[in-house]
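In: show me the folded form of this:
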Amino acid sequence: MTDWRWWICSLLFVATTVNYLDRQVLSLTYEEFIKPEFHWSDANYGTITSFFSIFYAIACLFAGKFVDWMGTKKGYLIAIGVWSTGAVMHAACGWASAHIGGFESVAAMRAVEAGSNAALAVATTSVYLFLLCRGILALGEAGNFPAAIKVTAEYFPKKDRAFATSIFNAGASVGALAAPLCIPPLAKALGWEWAFIIIGGLGFIWMFFWHFMYDKPEVSKHVNEAELEYIHQDDAEEAAEKAALAQEKSIPFVQAFKFRQTWSFIVGKFLTDGVWWFFLFWAPSYFSNQFNAPATSFKGQALIFTLYLIVTVVSIFGGYLPKIFVEKKGMHPYSGRMLAMLIFAFFPLCSLFAQPLGVHFNSPWWPAVLIGLAAAGHQAWSANIFSTVGDMFPKGAIATITGIGAMAGGVGSMIIQKVAGNLFTYAENAGAAFHFLGFEGKPAGYFIVFCFCGIAYLLAWVIMRTLVPRYKPVEI
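Out: So this is what the prediction gives:
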């Protein structure tokens, strides 16, 4: 039997790795390169990250339909082509801002007096240009996971799909780990523009391999009869499941909001998704501002790498804890999942101590470890909250409820990004006049957001438990 399916799986892994690399270039170049060149404030950066969050969430609602319509091969090519184009386009924002502003060069634009009308004009123009690029990036990136999951269903029998999915999904962790090791050195050596061009260009290289390597297994010259038979071993069972699914009642979009179970999922996503995106987008800036550990320094790279290494290792156990409760303790799956989520909701409390311990010991390693544990708690929480939809809703309604929850998470993320950016700018300008629990200025602003991140999950769990105190499936 041939093993072409695993080569296809490796392509999915690479695509997911590139997906996460592309979205992190901005956060790892913001503080040292983007911010001074375009005279940005943290409020400007918060606007851009909040826009990416909500636009990505909206695009996710339609990405699956698009891939189904275009077909797997073309759909995936278009998705990665769009996001790679958006990634590379960021590199032109400096030239475009200078051209629109009437400056002779990017250097002349960078040299304008901080706080002047010219600096404000540059910041405003560049923000709109970056919003355009981030929108294109989000539009394409939304297609990665729907396409990858569809390919997995095409090339793997049921018993192998979870393993194949875990392999390509590991690309997200690898991308997060690789980003601080490769992006800041590229920006420092060649300029921030080349970091966007080189990392964005990886997607175009991937498209070449995808074009020549992927075909449906039925027509692929690399798949022999034995492998094809192995891939299709579940066809009869899946046909019966599809027939049963066709008879499942779906829930109209508006009617979905009548159920307490829907609002439980909405609250869980709304309050917690933004925490993950906040740490993803703001951690490099935090270490640079608070501990003089810029992303281009070895220390800064080591801090970000350590943070995501903790996330990767600890979050692996997120899906196993409910299984232990069910199989070893005899609990109902929903009850076991909610208990696991309560346990994981305590992990983000670590972020409450990140700022105090970091300042007390004058060491960024305390925040790196504690934020890593908090973010790992999010990943474990996230894996389980999605499963609660399958616990409570019929199959015909799962996609609708999941889409509603994704939108709620996007709105929550948009709000926290925007509020954080404005808060940091205000706190920095106010200086000692702005204080919170012993911290002044911008450190006080960071501590306020960390406090929200710490309690968000417990608050979400309490509300979810109040809305759905016990297992109660939705009946249509």
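In: burial count for the closest residue to Thr306 other than its chain neighbours?
Out: Counting by C-beta to C-beta, 6 or more residues apart in numbering, the nearest residue to Thr306 once its immediate chain neighbours are dropped is Ala368, at 5.0 Å. Bear in mind the C-beta positions are built from the backbone N, C-alpha and C, glycine included. Ala368 has 26 neighbouring residues, counting by other C-beta atoms under 10 Å.
In: doesn't Leu303 make contact with Ala368?
Out: Yes. With contact defined as C-beta atoms under 8 Å, Ala368 reaches Leu303; the gap is 4.5 Å.
In: pull up the overlap in contacts between those two.
Out: Each of Phe287 lies in contact with both Ala368 and Leu303 under the rule C-beta atoms under 8 Å, 6 or more residues apart in numbering.
In: quick check, central residue of this structure?
Out: Trp277 (6.2 Å; C-alpha atoms, centre = their mean).
In: residues near the nearest residue to Gly421 once chain neighbours are set aside, how many?
Out: Nearest residue to Gly421, sequence neighbours excluded (C-beta to C-beta, 6+ apart): Gly46, at 1.6 Å. Gly46: 25 surrounding residues under other C-beta under 10 Å.
In: what's the answer for Gly330, then?
Out: Neighbours of Gly330 using other C-beta under 10 Å come to 8.
In: name the SS class of it, please.
Out: coil (DSSP: H, G, I helix; E, B strand; the rest coil).
In: look up phi and psi at it.
Out: Dihedral angles of Gly330 (phi, psi; degrees, to the nearest 10) stand at phi 70, psi 20.
In: where does the stretch 201-350 of the chain dip in pLDDT?
Out: Filtered on pLDDT under 70, the stretch 201-350 of the chain yields the residue ranges 238, 241-250, 318-319.
In: the same query, at a cut-off of 90, please.
Out: 231-256, 311-338, 340 (pLDDT under 90).
In: so which residues of it form helices?
Out: All helices of the stretch 201-350 of the chain, identified by DSSP state H, counting those that start in this stretch, fall at 225-231, 235-246, 260-291, 298-315, 320-327, 333-345.
In: got a markdown table for those helices, with distance to Trp95 too?
Out: Converted to a markdown table, those look like this (distance: least, C-beta to C-beta, whole Å):
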| stretch | distance to Trp95 |
| --- | --- |
| helix 225-231 | 49 |
| helix 235-246 | 52 |
| helix 260-291 | 24 |
| helix 298-315 | 27 |
| helix 320-327 | 50 |
| helix 333-345 | 46 |
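In: and those, which is most packed in?
Out: Stretch with highest mean neighbour count among the helices of the stretch 201-350 of the chain: helix 260-291 (a mean of 23; mean count of other C-beta atoms under 10 Å).
In: relative to the whole chain's centre, how far out is it?
Out: Computed by C-alpha atoms, centre = their mean, to the nearest Å, the separation of helix 260-291 from the middle of its chain amounts to 10 Å.
In: then the helix or strand hosting Ala107 to PDB, C-alphas only?
Out: Per DSSP states H and E: Ala107 is located in helix 106-110. Extracted in PDB, the C-alpha atoms of helix 106-110 (Å, rounded to 0.1, in the frame of the first residue of the first chain):
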ATOM      1  CA  VAL A 106      10.500  56.600   3.800                       C
ATOM      2  CA  ALA A 107      13.500  58.000   5.800                       C
ATOM      3  CA  ALA A 108      12.100  61.500   5.500                       C
ATOM      4  CA  MET A 109       8.700  60.300   6.700                       C
ATOM      5  CA  ARG A 110      10.300  58.600   9.700                       C
END
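In: buried sites along it?
Out: Val106, Met109, Arg110 (16 or more other C-beta atoms under 10 Å).
In: how about residues contacting that helix?
Out: Here helix 106-110 has contacts from Pro36, Glu37, Gly94, Trp95, Ser97, Ala98, Gly101, Phe103, Val122, using C-beta under 8 Å, 6+ apart.
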